[in-house]
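>>> next comes the sequence, and after it the predicted model I'd like to discuss.
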Amino acid sequence: QDVRKGLLRRGWEENPSKDGETFDLKWTLHDSEVAYQSLRKGQIVNHFEGNADVTSKGRLARTVRNMSWELDQDPRGALPDSFDV
């Protein structure tokens, strides 16, 4: 809500259609809500396609644990404790 309010104060207009393709910025909760193949030049979304292994705390922790063979240190020291429950 804070991002939305800030953009509206700056003169941005809200498109009430969540599935619409007319937007400059689309802010979603889930990566699956973005049709990456349909994005037009200049359209911005708050996700990057195909990088859930580093943008979700639980999956990032799992990725770091699984990469321990590449690290010269204990992977638990690379990030704060995190649990995927």
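Yep, that arrived.

>>> can you tell me the centre-most residue of this protein?
Nearest residue to the geometric centre of the chain (Cα atoms, centre = their mean): His47, 3.6 Å.

>>> and that residue, how far from Asn66?
His47 sits 22 Å away from Asn66, going by Cβ to Cβ, to the nearest Å. In short, each C-beta sits where N, CA and C put it, glycine included.

>>> would you mark the buried spots in stretch 33-45?
Neighbour-count burial for stretch 33-45 flags Val34, Val45 (criterion: 16 or more other Cβ atoms under 10 Å).

>>> contacts for it?
Lys18, Glu21, Phe23, Asp24, Leu25, Lys26, Trp27, Thr28, His47, Glu49 (Cβ atoms under 8 Å, 6 or more residues apart in numbering).

>>> recalculate using a threshold of 7 Å.
Glu21, Phe23, Asp24, Leu25, Lys26, Thr28, His47, Glu49 (Cβ atoms under 7 Å, 6 or more residues apart in numbering).

>>> now do the SS call for the last one.
In other words, Glu49. coil (DSSP: H, G, I helix; E, B strand; the rest coil).

>>> over to the first one?
Reduced to three states with three-state DSSP, the structure at Glu21 is coil.

>>> thinking again about what came up before, how about the contacts made by the residue nearest to the centre of the chain?
His47 makes contacts with Thr28, Asp31, Val34, as judged by Cβ under 7 Å, 6+ apart.

>>> from the contact counts, what lies against the helix or strand bottoming out on mean pLDDT in the chain?
Within the chain, no helix or strand scores below helix 52-55, which has a mean of 75 by mean pLDDT, DSSP states H and E. Packed against helix 52-55 by the contact rule (3 or more Cβ pairs under 7 Å, 6 or more residues apart in numbering; DSSP states H and E) you find helix 57-66.
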